[in-house]
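In: Provided below for reference: sequence and predicted model.
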Protein chains: 2
Amino acid sequence: MLVNGNPRRTIWPAPDNTAVEIIDESRLPHEFVTVLLENMRDAEHAIRSMQVRGAPLIGVTAAYGVALSMKHHASDAALKATCDMLVKARPTAVNLRWAVEHMREFLLPLPAEQRGEAAWNEAARMADQDVAINYSIGQCGLAIIRAIHDEKQSQGRSGVVNILTHCNAGWLATVDWGTALAPVYAAQAEGIPVHVWVDETRPRNQGASLTAWELAQQGVSHTVIVDNAGGHLMQHGLVDVAIVGTDRVTATGDVCNKIGTYLKALAAFDNGVPFYVAMPVSTLDWTLQDGVKEIPIEERGEEEVTHLSGLCEDGQIRRVQLTPTGSHAANYGFDVTPARLVTGLFTERGLVAANADAIRLGLS
Amino acid sequence: MLVNGNPRRTIWPAPDNTAVEIIDESRLPHEFVTVLLENMRDAEHAIRSMQVRGAPLIGVTAAYGVALSMKHHASDAALKATCDMLVKARPTAVNLRWAVEHMREFLLPLPAEQRGEAAWNEAARMADQDVAINYSIGQCGLAIIRAIHDEKQSQGRSGVVNILTHCNAGWLATVDWGTALAPVYAAQAEGIPVHVWVDETRPRNQGASLTAWELAQQGVSHTVIVDNAGGHLMQHGLVDVAIVGTDRVTATGDVCNKIGTYLKALAAFDNGVPFYVAMPVSTLDWTLQDGVKEIPIEERGEEEVTHLSGLCEDGQIRRVQLTPTGSHAANYGFDVTPARLVTGLFTERGLVAANADAIRLGLS
């Protein structure tokens, strides 16, 4: 997608293929900075410190991390150590584990001297595959957006489709296109008028910072709202459809996503607003049945709740404390939306209902 | 309640009865500052600039504003001008209008020379009445908290009652005790162990700043959470009861309160968590039937969403920008929770179900 009018991906090989470059998303929206990852530790740090975030992008970054490691140390022991270290960088991310395991299984049968080049090519292939998958997810969701647009117009209403999204499941969370926002960009490309309600998504504000930024860069009409506002908007007919991403989906269609997603799904259900989840099929965790009971939820540091960074009037980025000194905070990173609240799943294989039968038939 | 171990109200007469003092709540939680209101313009400014906030406290501050004016200018014309000016300080605050109209009607029949002293005494009476009402609301809610405590203990579980609240409906929003937090303080006084989950309450963060501060001052165990977290906590049995305040309740029991309340009520309903609303009977608006359709919702400036103030490491309070420059925000101040999601109303006349019949029988 576009940054200052120029097409970009979130991760790309350096010209001499000895390193990869990423956008440092922790600096957005106030600074656009790219970072060179020269070795596996750089990749691990980028994932851990959330310079890259979003399940698909984390996966591809980890794959490149394995590739960077194999350039220098390609023994079985080095491969194992690399994979073990990368997997631990973010505990909840199923894509991270999937990508690292894929690289391990792909490389293990190869002679050590071939692993460096093979790993690099495989990471690049995974990046391209992510782009292709997300394009297909976009086409899947586009059909729903077009249908809403046509229906509103046939009722003599404004044809603008109002889409609510939570967190950032845009192109910044993937290599390109995004998952939840891929249908938005597909609609924009077709000339269907869209407007996006952007949940700011406390505590890390990925909506207010990343989603708003990427929509602005693409010229998509959008309005930032606090996470508290979505229910009110839905009660008053101001949301036509909600589309979110996901970090993990159970075999029964329960959806683990950024904390607060469940609250929006409840409001959508209560107001008859369709609630879709955009996901690559790789996000499915076939081993899980009951998302609320079985999915472990990452607890992060309390300072993400008690403190917040932003741009001061003097142009400096500063961190401010919001709570009284001594008051503690809890910081659960994700929640689980039960399948009963999910209208459907946008996947690269098409639209699938969020239940065990449909998922088994459509996605296995 | 306590500030640095000393009992306080939020508003109190200066020793010589020529002025009133308030806590400047706009400086909390990082600075505790009191402000002397010497005339009606000071009172008007305190309301307008939100040095005082919370419906009951705004009403009493306005009453004192009238009293301060009457000390110097007690003609009918002065009374009218004072009341007209004070009412405009917060255009949507129902209690403000109610308190000012009450003072006008109380004073108009009196000879001008008696109005100064009478107004002062009436404002003091209104302050005392608010304290008495809130005490009774606390006793009403205490019965529920005690029942939860006893039930948990009888099941062999921890007797700690976990209470979720939204925004600040504590003593800082009233003259003393608070509404939603009055039952918490009543339980504390009885030795019932309580723990409060404090929604930070974006965009103005009254939870993270005011509720956390006043609970800390009282020594009540509490944890700040982002507004997104409540659903997850309820899914996992970590909330025993939700208690919130309200700005307006319809004759049918629909509850207008700080934006985001509706989302928490949905989550409580979905998880079988009781959801109570603490309210003085004066908060009832008998003219309204359908809260979602009929209650006008204040839209405030977008900079409350796009910017936020906090304490920097250098000890300065600074304002930071969260969103990309050029991205717009919407800022709806309140939402409406349909009565079907409300377990009951804590009032000074006892517990009342949130439906038209119970409200008419119990509160008219």
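Out: Here it is on my side, so go on. Source: prediction; values computed, not measured.
In: Skip ahead from the helix or strand hosting A:Ala119 and say which helix or strand is next.
Out: A:Ala119 is part of helix A:112-154 when elements are defined by DSSP states H and E. Using DSSP H and E, the helix or strand that follows helix A:112-154 in sequence is strand A:161-165.
In: Strand partners (parallel or antiparallel) of that next one?
Out: Partners of strand A:161-165 in the sheet, by DSSP bridges, are strand A:194-199 (parallel), strand A:241-244 (parallel).
In: For B:Ile144, find the nearest of the ones you listed.
Out: With C-beta to C-beta, the closest approach to B:Ile144 among the strands paired with strand A:161-165 belongs to strand A:194-199: 32.4 Å. Bear in mind the C-beta positions are built from the backbone N, C-alpha and C, glycine included.
In: contacting residues around the closest one?
Out: Here strand A:194-199 makes contact (C-beta atoms under 8 Å, 6 or more residues apart in numbering or on different chains) with A:145, A:160-167, A:181, A:184, A:187-188, A:207-208, A:211-212, A:215, A:220-227, A:229-230, A:233, A:238-239, A:260, A:264, B:327, B:330.
In: Next SSE downstream of it?
Out: Next along from strand A:194-199, by DSSP H and E: helix A:206.
In: So is the helix or strand following that next one next to chain B?
Out: Downstream of helix A:206, the next assigned helix or strand under DSSP H and E is helix A:212-218. Yes. If you take C-beta under 8 Å from any C-beta of the partner chain as the test, helix A:212-218 does meet chain B, through A:Ala212, A:Trp213, A:Leu215, A:Ala216.
In: and the last one, how many neighbours?
Out: Yep, that's A:Ala216 we're talking about. Using other C-beta atoms under 10 Å in any protein chain shown, A:Ala216 has 18 other residues around it.
In: And the second one, by the same measure?
Out: A count of neighbours around A:Trp213, defined by other C-beta under 10 Å, yields 26.
In: now do the first one
Out: For A:Ala212, the number of neighbouring residues by other C-beta under 10 Å comes to 31.
In: Check the third one too.
Out: Look at A:Leu215: counted by other C-beta under 10 Å, it has 28 neighbours.
In: Tell me which residues touch it, please.
Out: By C-beta under 8 Å, 6+ apart, A:Leu215 lies in contact with A:Gly170, A:Leu181, A:Val184, A:Val196, A:Val198, A:Ser221, A:His222, B:Ser327.
In: Against A:Asn205, how distant is it?
Out: Note on A:Leu215: its distance to A:Asn205, by C-beta to C-beta, to the nearest Å, is 15 Å.
In: Next: the last one.
Out: If you measure A:Ala216 against A:Asn205 using C-beta to C-beta, the figure is 15 Å.
In: next one: A:Leu68
Out: From A:Leu68 to A:Asn205 the distance is 30 Å (C-beta to C-beta).
In: Tell me which of the two has more neighbours.
Out: Counted by other C-beta under 10 Å, A:Leu68 and A:Asn205 do not tie: A:Asn205 has more neighbours, with 27 against 24.
In: pretty sure the more buried one contacts B:Gln321?
Out: No. Using C-beta atoms under 8 Å, A:Asn205 is not in contact with B:Gln321; the gap is 11.3 Å.
In: that older thread, run the chain-centre distance for the helix holding A:Ala119.
Out: 12 Å (C-alpha atoms, centre = their mean, to the nearest Å).
In: Specify the angle between it and strand A:194-199 in degrees.
Out: Interaxial angle, helix A:112-154 versus strand A:194-199 (axes from the mean of the first three to the mean of the last three C-alpha atoms, to 10 degrees): 110 degrees.
In: what mean pLDDT does helix A:112-154 have?
Out: When pLDDT is averaged over helix A:112-154, the result is 98.
In: From the contacts of strand A:194-199, keep the buried residues only.
Out: Using 16 or more other C-beta atoms under 10 Å in any protein chain shown as the burial test, the contacts of strand A:194-199 include A:145, A:160-167, A:181, A:184, A:187-188, A:207-208, A:211-212, A:215, A:220, A:222-227, A:229-230, A:233, A:238-239, A:260, A:264, B:327, B:330 as buried.
In: Let me know how buried the nearest residue to A:Pro13 once chain neighbours are set aside is, in neighbour terms.
Out: The shortest distance from A:Pro13 to any non-neighbouring residue, by C-beta to C-beta, 6 or more residues apart in numbering or on different chains, is to A:Val20 (5.5 Å). Here the count is done by other C-beta under 10 Å, and A:Val20 has 27 residues near it.
In: do the same with the one 10 residues further on
Out: When neighbours are defined as other C-beta under 10 Å, A:His30 has 20 of them.
In: quick one: contacts for it?
Out: Each residue near A:His30 by C-beta under 8 Å, 6+ apart is listed here: A:Gly310, A:Leu311, A:Ile317, B:Gln321, B:Pro324.
In: Can you pick out the most distant pair from the residues you listed?
Out: Farthest-apart pair in the contacts of A:His30 is A:Ile317 and B:Pro324; separation 13.1 Å (C-beta to C-beta).
In: Neighbour count: these two, which is higher?
Out: B:Pro324 (22 against 13).
In: Verify the stated contact: the more buried one with A:Ala212.
Out: Yes. Using C-beta under 8 Å, B:Pro324 makes contact with A:Ala212 at a distance of 5.4 Å.
In: shaky segments in chain A?
Out: Counting by pLDDT under 70, chain A contains no low-confidence residues.
In: could you pull out the helices for it?
Out: With DSSP state H, the ranges of helices along chain A come out as A:40-48, A:55-70, A:76-87, A:94-107, A:112-154, A:182-190, A:206, A:212-218, A:230-235, A:261-270, A:291-294, A:303-306, A:356-363.
In: Contact partners for the residue in the stretch 101-250 of chain A positioned nearest to chain B?
Out: Closest residue of the stretch 101-250 of chain A to chain B, C-beta to the nearest C-beta: A:Asn228 (2.7 Å). Contact analysis of A:Asn228 by C-beta under 8 Å, 6+ apart lists B:Thr201, B:Arg202, B:Asp227, B:Lys258, B:Ile259, B:Gly260, B:Leu263, B:Asp335.
In: what about stretch A:280-296 and chain B, touching?
Out: Yes. Using C-beta under 8 Å from any C-beta, stretch A:280-296 reaches chain B at A:Val292.
In: Which positions in that stretch come out as buried?
Out: Under 16+ other C-beta under 10 Å, the buried positions of stretch A:280-296 are A:Pro280, A:Val281, A:Ser282, A:Thr283, A:Leu284, A:Asp285, A:Leu288, A:Gly291, A:Val292, A:Ile295.
In: which residues does the residue lying closest to A:Arg97 once chain neighbours are set aside contact?
Out: In space, and not counting its chain neighbours, A:Arg97 is closest to A:Val87: 5.5 Å by C-beta to C-beta, 6+ apart. By C-beta under 8 Å, 6+ apart, the contact list for A:Val87 reads A:Ala62, A:Leu96, A:Arg97, A:Val100.
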